[in-house]
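A.B. asks: Next one to model:
(one chain, ligands or ions: 1)
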Amino acid sequence: MKLISTRGQAPAASLSEALRNGAAPDGGLYMPDVLPSADFADVDPQAPLGEFAAQLLQPFFAGDALEAELPAICAEAFDFPVPLVTPHPGEPRLQALELFHGPTGAFKDFGARFLMGCFDRLGVDQPLTVLVATSGDTGGAVGCAAEGRSAVRAVILFPKGRVSPFQERQLTCWGDNVLAVEVDGDFDDCQRLVKSAFANAPLSAEHRLTSANSINFGRLLPQLAYSARAALQVRAATGETPGFVIPSGNLGQGFALLLARALGLPIGPIVLATNANRTLKDWHDSGRYEARASVATLANAMDVGNPSNFERLSQLGVQPGDVRVELVTDAEIERRIKADYEASGYVWCPHSATTVEAWCRLSEAERNERPWIAAATAHPYKFAEIVEPLIGREVAPTPALAAILDRPTRKIRIGADLNALAEALSEQEAAA
Ligand SMILES: *Cc1c(COP(=O)(O)O)cnc(C)c1O
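C.D. replies: Okay, the predicted model is just below:
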């Protein structure tokens, strides 16, 4: 398989090259030139995710320098459980796919661990600098996955005052090869800075920049794998094709799911839940895509006004009618968390709450016509200051999250300006 840029002005790349480059040199995003044809009938959805992913993703790695390493990369990256649970005893047609049992409590652990495992095995002679913009969860996952690896340094940009207290701790607590940079601006400013650093060829070459945001195709492959596994598991158990409801920000998970469906996996209707950032909803309703400034919401990892993976959706030929988009306001997020806790004791994080809210908006016939999988993308402890007052009790951290509280933290602060970022990159290069 070769990967080509969505903008058509960059040479085709092998998978390893695409992972190494992050974005394509013409500023576009890498996409498979042709979708690999794979026979999923042989892949056992009951196998542990590491084994399942290695089998499912094999056609993407066929002929690539990393092909032989794929089983080890998957086994190492996916060593935590990914349960499907029934959050409402009275609603057996709805299952939550809990994606938050990794070391930083959000589904970004899948992509970050997989990608760092790939970087580690690319055989580079000088460490790559992984430059990421984070709206909250990516940075922590990347920092954790990069810590202690000799083949990578990580520089993580996060918007000042826009991440939760625990998220900030989790962005700033990793070892010497991970630098957290607080940016005076919002997530879109961080994302713009990262894009301009990549577009600056001398800067990018000097620091051997690469990306672990979902512009990197390697971030999406694990999401493809767990979505496929959940779909095949539900189909094996029920004989039916499940629909998916997922929270959407930069559209990484959304794209991975659409790709999985395009590959022929048993995936029915796809409902994308957003917070008050309405770019996707407006595209869905009007057919026109118009980037907007992001607005801050309770589901901050989805505060994106210009979802970068939209470019990939267009390339895949996705039309507004191929998905459903539901916009969920902060007030609705709060009501959903409270109501579901009172009804069943299940605690959603604000992002996951958008998905159940979107599911509740389906008609009764739609909800009952098939099984549905709702992605639960973060552990509620990460958003304790939002969730606890709504449910009237404390949320306990997982042991992995509790361990983060004991670590020392370190960050530097810059304006939303490329020169300031270039300076930070040089300092990091000199220090680690
Ligand atoms: C990143 C994130 C999302 C949004 O995912 P995208 O792939 O960017 O659309 C949703 N929920 C949580 C908890 C996240 O961290």
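A.B. asks: Give me the contact list for the one helix or strand Val142 maps to.
C.D. replies: Element membership of Val142 [criterion: DSSP states H and E] is helix 138-146. The contact list for helix 138-146 (C-beta atoms under 8 Å, 6 or more residues apart in numbering) reads 102-104, 106, 108-109, 111-113, 115-116, 130, 132, 134, 152-154, 156-158, 167, 170-171, 173-174, 177-178, 180, 212-214, 301. Using the backbone N, CA and C atoms, a C-beta is placed for each residue, glycine as well.
A.B. asks: so what strands line up beside the one helix or strand Ala375 maps to?
C.D. replies: Remark: Ala375 resides in strand 372-376, with elements defined by DSSP H and E. Strand 372-376 pairs in its sheet with strand 94-98 (parallel), strand 243-247 (parallel), by DSSP bridges.
A.B. asks: looking at those strands, which is buried most?
C.D. replies: strand 243-247 (a mean of 28; mean count of other C-beta atoms under 10 Å).
A.B. asks: Using PDB, list the CA coordinates for it.
C.D. replies: The C-alpha trace of strand 243-247 is given here as PDB (Å, rounded to 0.1, in the frame of the first residue of the first chain):
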ATOM      1  CA  GLY A 243     -24.600   1.400  14.600                       C
ATOM      2  CA  PHE A 244     -22.000   3.600  16.200                       C
ATOM      3  CA  VAL A 245     -22.300   6.800  18.200                       C
ATOM      4  CA  ILE A 246     -19.000   8.600  18.800                       C
ATOM      5  CA  PRO A 247     -17.900  12.000  20.100                       C
END
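A.B. asks: picking that back up, so which of the strands paired with strand 372-376 comes closest to Glu17?
C.D. replies: Closest to Glu17 of the strands paired with strand 372-376 is strand 243-247 (C-beta to C-beta; 29.2 Å).
A.B. asks: Isn't Pro380 up against Val347?
C.D. replies: Yes: the pair Pro380 / Val347 is scored as a contact, 4.6 Å apart, by C-beta atoms under 8 Å.
A.B. asks: more neighbours, those two?
C.D. replies: Pro380 (27 against 21; other C-beta atoms under 10 Å).
A.B. asks: Quick check: next helix or strand after the strand holding Ala375?
C.D. replies: Counting by DSSP H and E, what follows strand 372-376 is helix 384-391.
A.B. asks: contacting residues around the closest residue to Pro45 other than its chain neighbours?
C.D. replies: What sits nearest to Pro45 in space, not counting adjacent residues and going by C-beta to C-beta, 6 or more residues apart in numbering, is Leu232, at 3.7 Å. Residues near Leu232 by C-beta under 8 Å, 6+ apart: 40, 43, 45, 265-266.
A.B. asks: Let me have the residues you listed in CSV, extended by pLDDT, neighbour count and distance to Glu366.
C.D. replies: Below are the contacts of Leu232 laid out as CSV (pLDDT from 0 to 100; neighbours: other C-beta atoms under 10 Å; distance: C-beta to C-beta, whole Å):
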residue, pLDDT, neighbour count, distance to Glu366
Phe40, 79, 16, 26
Val43, 89, 20, 29
Pro45, 94, 18, 25
Leu265, 95, 22, 21
Pro266, 96, 16, 18
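A.B. asks: thinking again about what came up before, which neighbours do Pro380 and Val347 share?
C.D. replies: 387, 395.
A.B. asks: The ligand contacts on the stretch 151-300 of the chain?
C.D. replies: The interface of the stretch 151-300 of the chain toward the ligand, taken as C-beta under 6 Å from any ligand atom, is made up of 214, 247-254.
A.B. asks: List the ones among the residues you listed that fall in strands.
C.D. replies: Of those, the ones assigned to strands by DSSP state E are Pro247.
A.B. asks: ok, and the closest non-adjacent residue to the most centrally placed residue in the chain?
C.D. replies: With distances taken as C-alpha atoms, centre = their mean, Lys108 lies nearest the centre of the chain, 4.6 Å away. With sequence-adjacent residues excluded and distances taken as C-beta to C-beta, 6+ apart, Lys108 is closest to Ala141, at 3.6 Å.
A.B. asks: Now the buried members of the contacts of helix 138-146.
C.D. replies: For the contacts of helix 138-146, a neighbour count by 16 or more other C-beta atoms under 10 Å gives the buried set as 102-104, 106, 108-109, 111-113, 115-116, 130, 132, 134, 152-154, 156-158, 167, 170-171, 173-174, 177-178, 180, 212-214, 301.
A.B. asks: Next, check those residues against the strands and list the overlap.
C.D. replies: Judged by DSSP E, strands contain the following of the buried ones among the contacts of helix 138-146: 130, 132, 152-154, 156-158, 178, 180.
A.B. asks: and the two most separated of those?
C.D. replies: With distances taken as C-beta to C-beta, the most widely separated pair in these is Val152 and Phe158, at 18.4 Å.
A.B. asks: For Glu182, grab phi and psi.
C.D. replies: phi -90, psi 120 (degrees, to the nearest 10).
A.B. asks: pLDDT below threshold where in this structure?
C.D. replies: 432 (pLDDT under 70).
A.B. asks: Identify the single longest helix in it, thanks.
C.D. replies: helix 217-238 (DSSP state H).
A.B. asks: Can you show me the strands along the stretch 201-350 of the chain?
C.D. replies: With strands called from DSSP state E, counting those that start in this stretch, the stretch 201-350 of the chain shows them at 209-210, 243-247, 270-274, 324-327.
A.B. asks: Is Val52 part of a helix or strand, or is it coil?
C.D. replies: Not quite, residue 52 is Phe, not Val. What DSSP: H, G, I helix; E, B strand; the rest coil gives for Phe52 is helix.
A.B. asks: Any residues of the stretch 1-150 of the chain in contact with the ligand? List them.
C.D. replies: For the stretch 1-150 of the chain, the residues in contact with the ligand (C-beta under 6 Å from any ligand atom) are 106, 108, 137.
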